[in-house]
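>>> coords below, sequence missing:
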């Protein structure tokens, strides 16, 4: 059985309208990858840009392509100007050009905005890149609701569903800035294509770049009452929700679903058997992402497990700054806690 | 005398500009047509008229123009050929077999499950295919990537991309055209098989693509407009291509006839975009082609 956390946790009076009425110190932080070049050269705010410059230092095959998203590549361009290719506002061309480069022995990383890089280019990714087993990496900045204020055109909440249904595609969703650096390193030598879904200013989970094996889900906390699994910003929410649940006397197990494809089926089956309850946490449509992965495995393996999805509804989404949208849809620590409490029950059993 | 250790000969290189007369290439184009008819008969369905229109182009490229090394299909210095209009792979398979990319008996598997030779080419299955195709509008972009890679690696190979004229209705082609001239890719050569028809009728009746030469020129390409069924015009054009290190990509607009070489197809080209000849029709088409070849 699944339920939607946002139904239970959307405030009765939803925060609507422009945020301009708030005092400046309460303005939710927006991500600006176009003009904030100072931030875009810093590892914490721009881990993918930081990591790719370092990868190129040691691997002459590494190139970057930009579909009008050059700012995160400021450091790369400084250090490797001859290996940076700007292709303008032409995502589909960028993906096919990258396929041609990869077929010539190079390893191109395309920096693109997730809603356009994945959704607009799904067919180029499938036909030119994935079917041909080519080592193209699509680095999706501004995923999920990171551009929620700009309009529904800029939401990327279907990208995991699309990417993971493409044969041969590895789908990676690091939890925080350190994980971006760690996973860009650990996927660098893969022979096939990779989609890296970069979280924007996600709550910190890892103090240093983690070493995550191919397809593995690191267990971040052991517990017996309920399992919380997230990816991207969902991991930070799950970790913090587990701490809050402990105050209720509930021991939650927490996993980082860093790989959406391939994923750690063994870990999932084991934890489901241990706790019998799984809450998934993701900045994605409830269809096709982690909630679907868990339900597919539960059904296929006949697991006796109760499920809850903290995710975005399959509905016309609201437009607003990310922090407001997370609150509105319950993609928050209290949202995850409530979903877990619903599963465990008020008596904790 | 004792035989010493056998040193294998290095794979032979087929250099650019191999001797070929116009008459020889006309014969080769008809040979491609004949083999296409046989492959389609074997598979039960195929794209006759689209293949027939570009038979001289394929013949001239593979028997005169391209620098190749069939025994080493991945040889980095080879010229690349991308079949943007991937539905005419039936015209390419006999050529690649003839040049030694794979055994000729592979052709007998065409149309069967497990065959490395598909109706549209798959680079992972068939030696000699530089990139897969099938979804129209992608391969000029791929060619841009390969030409950029050639420049980055300091190699002087050319990248030829054969597109259909209907394919030019795909917007991605023009994204690639912009990129090709922006990056001054002199080693990139687009050949448009301008046969005037797409799957459902006259190309420009569906969506006007003309004037092609002016459009490519406006995108910064050097253009040549020729009779694409005339081997001499193809020889002259390909022999006079600018150096691959020059700074402007080239578009050869090859005006062709869809179904060229078989009266049945030429009279109703849209009817033979995809189909299967009856035995009587096939005998008629084969007789027409073989009469020319003898």
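Sure thing, it's come through. Small disclaimer: the values here were computed from a predicted structure and weren't measured.
>>> element containing the closest residue to chain B within chain A?
Nearest to chain B, among the residues of chain A, is residue A:100, at 2.3 Å (Cβ to the nearest Cβ). (C-beta placed from N, C-alpha, C; glycine too.) For residue A:100, the host element (DSSP states H and E) is helix A:91-102.
>>> following that helix, which helix or strand comes up?
Beyond helix A:91-102 toward the C-terminal end (DSSP H and E), the next one is strand A:107-113.
>>> So which elements touch that following strand?
helix A:47-58, strand A:62-66, helix A:91-102, strand A:137-141 (3 or more Cβ pairs under 8 Å, 6 or more residues apart in numbering or on different chains; DSSP states H and E).
>>> Can you lay out the ones you listed as JSON lines showing distance to residue A:128 and mean pLDDT?
Formatted as JSON lines, the helices and strands packed on strand A:107-113 follow (distance: least, Cβ to Cβ, whole Å; pLDDT from 0 to 100):
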{"stretch": "helix A:47-58", "distance to residue A:128": "21", "mean pLDDT": "96"}
{"stretch": "strand A:62-66", "distance to residue A:128": "13", "mean pLDDT": "98"}
{"stretch": "helix A:91-102", "distance to residue A:128": "4", "mean pLDDT": "98"}
{"stretch": "strand A:137-141", "distance to residue A:128": "12", "mean pLDDT": "97"}
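>>> a markdown table for the ones you listed, including mean neighbour count?
What follows is the helices and strands packed on strand A:107-113, written out as a markdown table (neighbours: other Cβ atoms under 10 Å in any protein chain shown):
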| stretch | mean neighbour count |
| --- | --- |
| helix A:47-58 | 21 |
| strand A:62-66 | 25 |
| helix A:91-102 | 31 |
| strand A:137-141 | 27 |
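>>> helix/strand/coil for the nearest residue to residue B:18 once chain neighbours are set aside?
Leaving aside its sequence neighbours, residue B:18 sits nearest to residue B:64 (Cβ to Cβ, 6 or more residues apart in numbering or on different chains; 5.5 Å). The three-state label given to residue B:64 by DSSP: H, G, I helix; E, B strand; the rest coil is helix.
>>> So residue B:64 is in contact with residue B:25, correct?
Yes. Contact between residue B:64 and residue B:25 holds when scored by Cβ atoms under 8 Å: they sit 6.9 Å apart.
>>> more neighbours, those two?
Set residue B:64 next to residue B:25 and count neighbours by other Cβ atoms under 10 Å in any protein chain shown: residue B:25 wins out with 25 against 22.
>>> mind listing what that one touches?
Counting by Cβ atoms under 8 Å, 6 or more residues apart in numbering or on different chains, residue B:25 makes contact with B:56, B:59, B:60, B:63, B:64, B:231, B:234, B:235.
>>> Quick check: buried residues in the helix or strand hosting the last one?
In other words, residue B:235. Using DSSP H and E, residue B:235 maps to helix B:231-239. By neighbour count on 16 or more other Cβ atoms under 10 Å in any protein chain shown, the buried set for helix B:231-239 is B:231, B:232, B:233, B:234, B:235, B:237, B:238.
>>> for the stretch 151-300 of chain A, what are the low-confidence residue spans?
Regions of the stretch 151-300 of chain A meeting the criterion pLDDT under 70 are absent.
>>> One more: chain B?
In chain B, residues with pLDDT under 70: B:1-4.
>>> Show me the residue at the heart of it, geometrically.
When Cα atoms, centre = their mean is applied to chain B, the residue found nearest the centroid is residue B:58 (4.5 Å).
>>> measure that residue to residue A:101 for me?
26 Å (Cβ to Cβ, to the nearest Å).
>>> ok, back up a step: any shared contact partners between residue B:64 and residue B:25?
residue B:235.
>>> so which residue of chain B comes closest to chain A?
Taking Cβ to the nearest Cβ, chain B has residue B:145 as its residue nearest chain A, at 2.3 Å.
>>> if I pick that residue, what's in contact with it?
Counted by Cβ under 8 Å, 6+ apart, residue B:145 has contacts A:96, A:97, A:98, A:99, A:100, A:101, A:102, A:103, A:104, A:108.
>>> Distance of the spatially closest residue to the fifth one that is not a sequence neighbour relative to residue B:246?
Pointing back at residue A:100 there. If the residues on either side of it in the chain are set aside, residue A:100 comes closest to residue B:145, at 2.3 Å by Cβ to Cβ, 6+ apart. Going from residue B:145 to residue B:246 by Cβ to Cβ gives 19 Å.
>>> Tell me the residues of the stretch 1-150 of chain B that contact chain A?
B:76, B:122-124, B:130-132, B:134-135, B:138-139, B:141-150 (Cβ under 8 Å from any Cβ of the partner chain).
>>> Emit the ChimeraX select command for whichever of these are buried.
Selection of buried members from those for ChimeraX, criterion 16+ other Cβ under 10 Å:
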select /B:122,123,130,131,132,134,135,138,139,141,142,143,144,145,146,147,148,149,150
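>>> Would you report which members of the residues of the stretch 1-150 of chain B next to chain A are assigned to strands?
Per DSSP state E, strands hold no members of the residues of the stretch 1-150 of chain B next to chain A.
>>> now the strands for chain B?
So, for chain B - with DSSP E - the strands run B:80-83, B:159-164, B:188-194, B:197-198, B:201-202, B:222-227, B:250-255.
>>> Redo those strands as CSV? Include mean neighbour count.
Output for these, formatted as CSV (neighbours: other Cβ under 10 Å):
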stretch, mean neighbour count
strand B:80-83, 26
strand B:159-164, 28
strand B:188-194, 28
strand B:197-198, 24
strand B:201-202, 14
strand B:222-227, 18
strand B:250-255, 24
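>>> so can I have CSV of those strands showing distance to residue A:281?
What follows is those, written out as CSV (distance: least, Cβ to Cβ, whole Å):
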stretch, distance to residue A:281
strand B:80-83, 44
strand B:159-164, 46
strand B:188-194, 47
strand B:197-198, 49
strand B:201-202, 53
strand B:222-227, 56
strand B:250-255, 52
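>>> Could you point out which of these sits nearest residue B:116?
Across the strands of chain B, residue B:116 has its closest neighbour in strand B:80-83 (15.2 Å, Cβ to Cβ).
>>> so what secondary structure elements neighbour that closest one?
helix B:139-153, strand B:159-164.
>>> Just give me the neighbour total for residue 249.
By default, I'm working from chain A. Residue A:249 has 9 nearby residues by other Cβ under 10 Å.
>>> my bad, chain B
32.
>>> Now do the contacts for the residue of chain A closest to chain B.
B:131, B:141, B:142, B:143, B:144, B:145, B:146, B:147, B:148, B:149.
>>> Also residue A:204?
So residue A:204 contacts A:176, A:177, A:178, A:236 (Cβ under 8 Å, 6+ apart).
>>> just the residues you listed that are near chain B?
Counting by Cβ under 8 Å from any Cβ, no member of these reaches chain B.
>>> Neighbour count and secondary structure added to those residues, as CSV?
As requested, those are arranged in CSV below (neighbours: other Cβ atoms under 10 Å in any protein chain shown; DSSP: H, G, I helix; E, B strand; the rest coil):
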residue, neighbour count, secondary structure
A:176, 25, coil
A:177, 26, helix
A:178, 19, helix
A:236, 21, helix
